[in-house]
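**Student:** Turn this into a model:
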Amino acid sequence: MAENFIVSARKYRPDTWESVVGQKNITSTLQNAIAGNQIAQAYLFTGPRGVGKTTCARLFAKAVNGNIGMSMEDLQFNIFELDAASNNSVDDIRSIVDTVRIPPQIGKYKVYIIDEVHMLSPAAFNAFLKTLEEPPAHAIFILATTEKHKIIPTILSRCQIFDFNRIKVKDMTEHLAYVASKEGVNAETDALHVIAQKADGAMRDALSIFDQVVAFCGKNLTYKDVIQNLNVLDYDYYFRLTDIILKEDIAAALVLFDEVLNKGFDAHHFVTGLGAHFRNLLVSKDPQTIALMEVSENIAEKYKSQAAAADIRLLIEAMKFVNECDTQYRTSKHQRLLVEITLMKLASILYNGEGEKKKFRLKSFRSGDGQKPSVSSKVIHPVPPSQPLPAAAPQANNPLPVTETKKPSLGKMDLIRKSSASISYKNVMQRNSDTQSALFAETETLEKETATREYNEAEIAEAWRTYTAEYLNHNKQIQSAFAVAQIQLLPGNTLLASFPNESSKFYFDENRSGLAEYMRTKHDIRGLEIQTKILKQDEIKSTYKTNKQRFDELAEKYPALETARKKFGLQIDF
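**Tutor:** Numbering: from 1, shown residues only. Predicted coordinates:
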């Protein structure tokens, strides 16, 4: 009679500290606590599913009694497990409270493991609280949960908390290779990488997927068979699409996308995978960041090879287009068309809005002399007609209205561009994807060029005002930040922009390159260096008028305004 099949997740559950995968910091701490006799009376193990919380709880429960080599059946009088998902009532907790006072029959400690502890009812938590606070010396409680935020603070404060990490793809792949060798399975490294990535940090899920693909492939686990069984989009599609984009072949891009859809893949999944592909190409351009990719060595080499042919500016702009498609996908009524338009943009990324070829100059993160190279300019596309300038958003504890201040001209001067800006890769990679558009603007600056004529402060102020009103009306926060700025033309080819607070300065700094490009293309103002600062409190008071001052000025100019306020009993917040 054939043996009963045991799933790998159970068969290869760790039974020693050394066999626990990816949680070295936690297992070392627990071992040291036992060795030093510094054992707490309550522990909380928290983290994602399938990362070893319950396993470590059982190992710890055995180790405190010196019986780590024994089975759970041998220790049934010392170790008690409760699944709070199905035993979450007050009566279930009282059964523990009633037995916890009885000393262990074997060994030194009685260990209570409560899994999914966040599922306990509020009444059960309260019934458990006193026992957890003052347990007998022979009792140890180990609570395990995937949702720490659902546990009441009074419970958390009585526990030593251990946060379990998602298991890294590399560690998971190595463990899967070990399991495959034990099971007599010949597995390709790329195939195991796909399984590890599909498991998303959970070893239990990885072992379950491993059993699934072994049932499909037999004893020979190939990359091709694994992606077919798991319905995973092959890396090859993204490498092919990137080559098509670099060749500027729109038709081929659309045909490849149709091929992906015909194979049954989700279009949104294709888009998110494409964004990850461009990100991997970007980090492949520098040896210091290659480690950020969680792919096999074979795939990493392909990324490095393709990254050598792709420009950094192109990749950043491509990531911007893909991110926009990703955010718009769920609300789009024609999702396929949205993706196809994105692919058209990507395949046309080397051209500006007038059909002219862009000149990308960045070929690597580092130039020959060790300095970061400059970035070429970006064409600003037309925007809707001018609109009235909105009032600035009120600031906390100090409402600041928008005022239009006319300053005397400082005279005419020749303006020469001082230096070219550089692209910061650290900024590119550390920003949240929600601010990717602002991040992209941060990398766009004007090239060095000399002023073609003389300027004055009034001319620059007018260009600033029209840009704020016409080009920033899609985002009121950014528009308000530009509107509250006080600008001054200083000697030395410098424009100083002063802001009332850090927030408005931040929004301006994120979007200043668009202003510089607008001045150059629309007003022929070139070679201007923009500096920023935050006004001191006394400078704010002298620069900005209060709401009452503004109303009094309007009322003096239009007496009917005050009459209307009194007649209708209007209350104005000054």
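**Student:** and the gap between A123 and N32?
**Tutor:** Plainly put, A123 is 37 Å away from N32 if you go by CB to CB, to the nearest Å. Heads up, the C-betas are built off the backbone N, CA and C, glycines and all.
**Student:** do the same with L314
**Tutor:** L314 is 51 Å from N32, by CB to CB.
**Student:** hey, where'd the helices end up in the stretch 401-550 of the chain?
**Tutor:** 425-430, 436-442, 457-471, 476-483, 502-523, 537-543, 547-557 (DSSP state H, counting those that start in this stretch).
**Student:** Comparing those by mean pLDDT, which bottoms out?
**Tutor:** The weakest mean pLDDT among these belongs to helix 436-442, with a mean of 35.
**Student:** Pop the domain breakdown of the chain in here.
**Tutor:** With domains defined by automatic domain parsing, the chain comprises 23-163, 169-230, 235-347, 425-534.
**Student:** I93: which element?
**Tutor:** Taking DSSP states H and E as the definition, I93 sits inside helix 90-99.
**Student:** For I34, see how far away the residue nearest to A40 when sequence neighbours are not counted is.
**Tutor:** In this structure, A40 finds its nearest non-sequential neighbour in Q160, 4.7 Å apart by CB to CB, 6 or more residues apart in numbering. Going from Q160 to I34 by CB to CB gives 13 Å.
**Student:** Repeat that for G527.
**Tutor:** 69 Å.
**Student:** likewise L59?
**Tutor:** Distance from L59 to I34, by CB to CB: 10 Å.
**Student:** More neighbours: those two, which one.
**Tutor:** L59 (21 against 17; other CB atoms under 10 Å).
**Student:** dump the residue contacts of that one.
**Tutor:** P14, D15, T16, W17, V20, T27, L30, I68 (CB atoms under 8 Å, 6 or more residues apart in numbering).
**Student:** Look up phi and psi at the closest residue to C217 other than its chain neighbours.
**Tutor:** Of all residues not flanking C217 in the chain, D225 sits nearest, at 4.5 Å (CB to CB, 6+ apart). Dihedral angles of D225 (phi, psi; degrees, to the nearest 10) stand at phi -70, psi -40.
**Student:** Give me the neighbour count for D225.
**Tutor:** D225 has 16 nearby residues by other CB under 10 Å.
**Student:** correct me, but it touches V214?
**Tutor:** No. Judged on CB atoms under 8 Å, D225 makes no contact with V214 at a distance of 10.3 Å.
**Student:** So which of the contacts of L59 is surrounded by the most neighbours?
**Tutor:** L30 (24 neighbours).
**Student:** What is the subsequent helix or strand relative to whichever strand or helix holds it?
**Tutor:** Under the criterion of DSSP H and E, L30 resides in helix 24-35. Downstream of helix 24-35, the next assigned helix or strand under DSSP H and E is strand 42-46.
**Student:** For Q306, see how far away F257 is.
**Tutor:** For F257, the distance to Q306 - CB to CB - is 19 Å.
**Student:** out of L314 and N32, which sits in the more crowded spot?
**Tutor:** Between L314 and N32, counting by other CB under 10 Å, L314 is the more crowded of the two (20 against 10).
**Student:** if I look at that one, how far off is F278?
**Tutor:** 9 Å.
**Student:** before we move on, what about Y507?
**Tutor:** 26 Å.
**Student:** go on, V271?
**Tutor:** From V271 to F278 the distance is 11 Å (CB to CB).
**Student:** Residues in contact with both of these two, list them for me.
**Tutor:** V322.
**Student:** Nearest residue to K150 in space, ignoring adjacent ones along the chain?
**Tutor:** H118 (3.9 Å).
**Student:** could you measure that neighbour against G201, distance?
**Tutor:** Taking CB to CB, one finds H118 at 19 Å from G201.
**Student:** of all the contacts of L59, which two lie farthest apart?
**Tutor:** The distance between the two most remote of the contacts of L59 (CB to CB) is 15.0 Å, for D15 and L30.
**Student:** what about T494, distance to E529?
**Tutor:** In terms of CB to CB, T494 sits 5 Å off from E529.
**Student:** quick one: low-confidence parts of the stretch 251-400 of the chain?
**Tutor:** Low-confidence segments of the stretch 251-400 of the chain (pLDDT under 70): 350-400.
**Student:** 50 instead, please
**Tutor:** 352-355, 359-400 (pLDDT under 50).
**Student:** Give me the secondary structure label for D258.
**Tutor:** Classification of D258 by DSSP: H, G, I helix; E, B strand; the rest coil places it in helix.
**Student:** go on, T331?
**Tutor:** coil.
**Student:** Roughly how far does it sit from C325?
**Tutor:** 12 Å.
**Student:** These two: which has the busier surroundings?
**Tutor:** Remark: of T331 and C325, C325 carries more neighbours, 25 against 8, as counted by other CB under 10 Å.
**Student:** ok, the residue lying closest to G184 once chain neighbours are set aside - contacts?
**Tutor:** Excluding the flanking residues, the one nearest G184 by CB to CB, 6+ apart is K219, at 6.2 Å. K219 makes contacts with G184, V185, N186, as judged by CB under 8 Å, 6+ apart.
**Student:** I290 and E297, how far apart?
**Tutor:** Relative to E297, and taking CB to CB, I290 is found at 10 Å.
**Student:** Those two: who's more crowded?
**Tutor:** Between I290 and E297, I290 has the larger neighbour count (other CB under 10 Å), namely 16 against 9.
**Student:** quick one, phi psi at the residue nearest to that one when sequence neighbours are not counted?
**Tutor:** In this structure, I290 finds its nearest non-sequential neighbour in S284, 6.0 Å apart by CB to CB, 6+ apart. Backbone torsions for S284, taken as degrees, to the nearest 10, come to phi -70, psi -10.
**Student:** My guess is S284 contacts K304. True?
**Tutor:** Yes. Using CB under 8 Å as the test, S284 is close enough to K304 to be in contact (4.9 Å).
**Student:** and those two? which has more neighbours close in?
**Tutor:** Set S284 next to K304 and count neighbours by other CB under 10 Å: S284 wins out with 24 against 16.
**Student:** List the contacts of the more buried one.
**Tutor:** Counted by CB under 8 Å, 6+ apart, S284 has contacts I290, M293, A300, Y303, K304, Q306, A307.
**Student:** go again using 10 Å as the cut-off
**Tutor:** Applying CB atoms under 10 Å, 6 or more residues apart in numbering, we find S284 in contact with 290, 292-293, 295, 300-308, 310, 315.
**Student:** quick one: which of those is nearest L337?
**Tutor:** L315 (24.6 Å).
**Student:** And that closest one, how far from Q197?
**Tutor:** 22 Å.
**Student:** Pretty sure the residue nearest to K150 sits against L156.
**Tutor:** No. Applying CB atoms under 10 Å as the test, H118 and L156 come out as separate, 11.0 Å apart.
**Student:** list residues touching both of those two?
**Tutor:** Common neighbours of H118 and L156 (CB under 10 Å, 6+ apart) are T46, L143, K148, H149.
**Student:** neighbour count winner among F257 and Q306?
**Tutor:** F257 (22 against 18).
**Student:** Excluding sequence neighbours, find me the nearest residue to that one.
**Tutor:** The nearest residue in space to F257 (CB to CB, 6+ apart) is L343, at 5.9 Å.
**Student:** In contact with the one you found, which residues?
**Tutor:** Here L343 is in contact with 241, 244-245, 250, 252-254, 256-257, 270-271, 274, 321-322, 325 (CB under 10 Å, 6+ apart).
**Student:** Which ones among those residues lie within helices?
**Tutor:** In helices, judged by DSSP state H, the following of the contacts of L343 are found: 241, 244-245, 250, 252-254, 256-257, 270-271, 274, 321-322, 325.
**Student:** Return the distance of the residue nearest to E147 when sequence neighbours are not counted relative to I487.
**Tutor:** Nearest in space to E147, with sequence neighbours left out and distances taken as CB to CB, 6+ apart, is H118 at 4.6 Å. Note on H118: its distance to I487, by CB to CB, is 54 Å.
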